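**Q** Take a look and give me a structure for this.
(2 chains)
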Amino acid sequence: MVTELPWDEATGTLRRELVGGMMNPACMHALEAALQIKEHYAAKVTAITMGPPSAEEILREALALGADRGILICDRIFAGSDTYATSLILSRAIKKECPHYDLILCGSYTSDSETAQVGPQLAEELKLPAAAYIEDMEIKERTLRVRRLVDNFRETLEMEFPSLVTVSLENYKPRYTKMEGLEKAFAVGDIITLTAPDLGINAGFIAANGSRTKVRKVFLRKADKANVIFQGSAANVVEDFLDQYENKISWAIGKDIEEEDLSDEE
Amino acid sequence: MKNKQKSIWVFGDYRNYFQNRVTLQLLSRAVDLSRITNAEVCAVVFGHQIDEYIMEYTAHGADRILAVDDPALKSYNAEQYVAIMENLVQERDPDVILIGATDFGREFAPRLAKRLKTGLSADCVGLDITEDGLLVQIAPSFGGNMLAEIVTPNHRPQMATVRPGTFKEIPHDYIRSALVEKLPLMSNMPVPRMRLVEYERAAEREHTMENAAVIVCGGRGMGNKKKFRKLSDLAKLLGGDIGATRPVVYAGWADHDALVGQAGKHIKPKVLFSFGISGAIQHTAGLGEAGFIIAVNKNPQAAMMKMADVAIVGDAGEVLHMLIKELRKRIRE
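**A** Below is the predicted model:
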């Protein structure tokens, strides 16, 4: 996992060119799910990523694992895109390069913010039925049946192709890259790069249809901690602490905690 | 200059109520924010036979309730909810929509934001508002080590999902009243393309330390093995796991499986108790995603105390003893 990423103070964006070629663990699961479909059906798998030129390594890795082709969406004017803009740009690339797709698989979160927003927004952009956090898939004709665990409910859902899923981390454990696959991926891998002009996108388009959110500043997490200090006898501090923070604990344990100790009044 | 009543909407997410109290927590924050911009607080709730939630949301601070109660909505469906919400937003033009970051909220909110062509910040851990109504959304970024202040400057509504447990709900007041608008199901309701074939409440998920909601960590400050073992009473009470620092594992007070840190487990509990731990980087490296941290230590200057949300200065063993005693009295099963 990437836990510390370089932040560009001047532009207020992530310096993705420094992150290097590491496929997001959540996306590894999505790729694995795609590869398992390919093992059972006559499917072609296309890996798509948006990022700096170095992101091509991620696509090589995908090819080495079994993807058929890779698409790198790469342009300076895409830097700093929020999920709104990212999903729009991805949808343009998919419409152009894979117009006859059946299924889009996304990771269920991303390494830079874990927002999990890109998948559902891409589905909306392409007007697709979609299910998030899927753990298992079954395909019958053009019907996709998925199972998932959401908010403590185990759900079975069905939708028709074309559709979109985001793949949970519970299942579809990523396979290891074989050396020979890796060599081939670097030697003859089918990877294309799409720039903004290729997708009919210019600066004016980005201004009108691009990011809706703006990051005003970024700060270290601990600065946000209230760091409330309790001091005194153990009995008093425990009582004060529970009176003030019972909600934090009751939320974590899923049980109610009395805000005040009523036992004396009984 | 528009002269319309400003409105802050809270999406009524009632699945798993009453363990899931995120809607009530959001209503509470919405009430605070509404005072700054002189807005009304409006709860929006969809479903079938939802009078109970209308009553709860009223009691917890909503000024207005928009309710769509129809048998067609008896189970949660993101597509249908997006369509109804889109309709309502276009009709009424709210300034802010707050949604709990439950699994459903995280699926529903991004689609809705896209449909409304507006911004959304996810998993917020803080919300503020400026006098002219700009919602300041504090959200974790970059693997959780940093926080970002996010705004949606040019588009409305401003949307945010918020982690459960972020805000404290207002105690209920069943005398309160709200303007309840019961709205009919929209006539051009789309047939959902995603069909719910079956669903059931899930059995408990296989438990691992990495997905534990509560972890009780102990360090050398516990004094000895016998006192350290008392941590498991608290862990049991809270349904949590025991974590340990390296010196403690080396001393044989805890198993190697319990080691938290650089060389051990990386944990992300909602609540972390840290007893008698100084906070060496080898240990804190494993705490990147811990939610709410309570540290207990004799030394208020300890690094672990500085990075805690709540730092209790005192003897770890004594505080532990009192905490167990007090929680036994207060937890309602």
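**Q** quick one: low-confidence ranges for the stretch 51-200 of chain A?
**A** Applying pLDDT under 70 to the stretch 51-200 of chain A flags the ranges A:109-115.
**Q** Those residues of it touching chain B, which are they?
**A** For the stretch 51-200 of chain A, the residues in contact with chain B (CB under 8 Å from any CB of the partner chain) are A:82-84, A:87, A:111-121, A:123-125, A:129-133, A:145, A:149-160, A:163. Backbone N, C-alpha and C define where each C-beta goes, glycine included.
**Q** Surely A:Asn24 touches A:Gly107?
**A** Yes. Counting by CB atoms under 8 Å, A:Asn24 does reach A:Gly107; the two are 5.4 Å apart.
**Q** what is in contact with these two at once?
**A** With contacts defined as CB atoms under 8 Å, 6 or more residues apart in numbering or on different chains, no residue is adjacent to both A:Asn24 and A:Gly107.
**Q** So between these two, which is more surrounded?
**A** Each of A:Asn24 and A:Gly107 has its neighbours counted (other CB atoms under 10 Å in any protein chain shown); A:Gly107 has more, 23 against 19.
**Q** The residue in the stretch 101-250 of chain A positioned nearest to chain B and A:Gly80, how far apart?
**A** Proximity to chain B, evaluated over the stretch 101-250 of chain A using CB to the nearest CB, is greatest for A:Arg212 at 3.0 Å. Look at A:Arg212 and A:Gly80: by CB to CB, to the nearest Å, they are 12 Å apart.
**Q** Would you map the helices across the stretch 101-250 of chain A?
**A** A:118-125, A:179-188, A:203-209, A:234-253 (DSSP state H, counting those that start in this stretch).
**Q** quick one: contacts for B:Leu234?
**A** By CB under 8 Å, 6+ apart, B:Leu234 lies in contact with B:Val216, B:Gly240, B:Phe273, B:Leu320, B:Leu323, B:Ile324, B:Leu327.
**Q** Look at A:Arg212 and A:Gly80 and report which has more neighbours.
**A** Using other CB under 10 Å, the more surrounded residue of A:Arg212 and A:Gly80 is A:Arg212, with 24 against 18.
**Q** Going by neighbour count, list what's buried in the longest strand along chain A.
**A** Criterion DSSP state E: the longest strand present in chain A is strand A:130-140. Within strand A:130-140, the residues that qualify as buried are A:Ala130, A:Ala131, A:Ala132, A:Tyr133, A:Ile134, A:Glu135, A:Met137, A:Ile139, counting by 16 or more other CB atoms under 10 Å in any protein chain shown.
**Q** my read: the third one touches A:Gln121, true?
**A** No. Here A:Ala132 lies out of contact with A:Gln121, judged by CB under 8 Å, at a distance of 11.3 Å.
**Q** Next, the residues that contact stretch B:49-59 from outside, please.
**A** B:10, B:12, B:14, B:17, B:23-24, B:27, B:43, B:45, B:47, B:65, B:67, B:69, B:172-174, B:176-178, B:180.
**Q** Next, B:Pro140: secondary structure please.
**A** Using DSSP: H, G, I helix; E, B strand; the rest coil, the structure places B:Pro140 in strand.
**Q** what's the angle between the helix or strand harbouring A:Leu35 and helix A:118-125?
**A** Per DSSP states H and E: A:Leu35 is located in helix A:25-40. Helix A:25-40 runs at 60 degrees relative to helix A:118-125, counting by axes from the mean of the first three to the mean of the last three CA atoms, to 10 degrees.
**Q** and the helix or strand following helix A:25-40, average pLDDT?
**A** Scanning forward in sequence from helix A:25-40 by DSSP H and E, the next helix or strand is strand A:46-50. The average pLDDT for strand A:46-50 rounds to 94.
**Q** Now do strand A:46-50: which elements does it pack against?
**A** helix A:56-65, strand A:69-73, helix A:83-97 (3 or more CB pairs under 8 Å, 6 or more residues apart in numbering or on different chains; DSSP states H and E).
**Q** Give me the below-cutoff pLDDT ranges for the stretch 151-300 of chain B.
**A** B:204-207, B:263, B:288.
**Q** Flag every residue of it that's near chain A.
**A** Residues of the stretch 151-300 of chain B lying near chain A (CB under 8 Å from any CB): B:151-155, B:164-165, B:168-169, B:192-202, B:205, B:213-214, B:238-240, B:266, B:269-271, B:288, B:291-294, B:300.
**Q** try 6 Å
**A** Residues of the stretch 151-300 of chain B lying close to chain A by CB under 6 Å from any CB of the partner chain are B:151-153, B:155, B:164-165, B:168, B:193-200, B:202, B:213-214, B:238-239, B:270-271, B:288, B:292.
**Q** Make a PyMOL selection of whichever of those residues turn out to be buried.
**A** In PyMOL syntax, the buried subset of those is picked out as below (16+ other CB under 10 Å):
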select buried, chain B and resi 151+152+164+165+168+194+213+214+238+270+271+288+292
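**Q** So which of the residues of the stretch 151-300 of chain B next to chain A are in strands?
**A** Among those, DSSP E puts B:Val151, B:Arg195, B:Leu196, B:Val197, B:Glu198, B:Tyr199, B:Glu200, B:Val214, B:Val271, B:Phe292 in strands.
**Q** mind listing what's buried in stretch B:6-24?
**A** Burial within stretch B:6-24, assessed by neighbour count using 16+ other CB under 10 Å, is assigned to B:7-16, B:20-24.
**Q** Domain ranges for chain B, per the record?
**A** Following automatic domain parsing, chain B resolves into domains at B:7-183, B:209-330.
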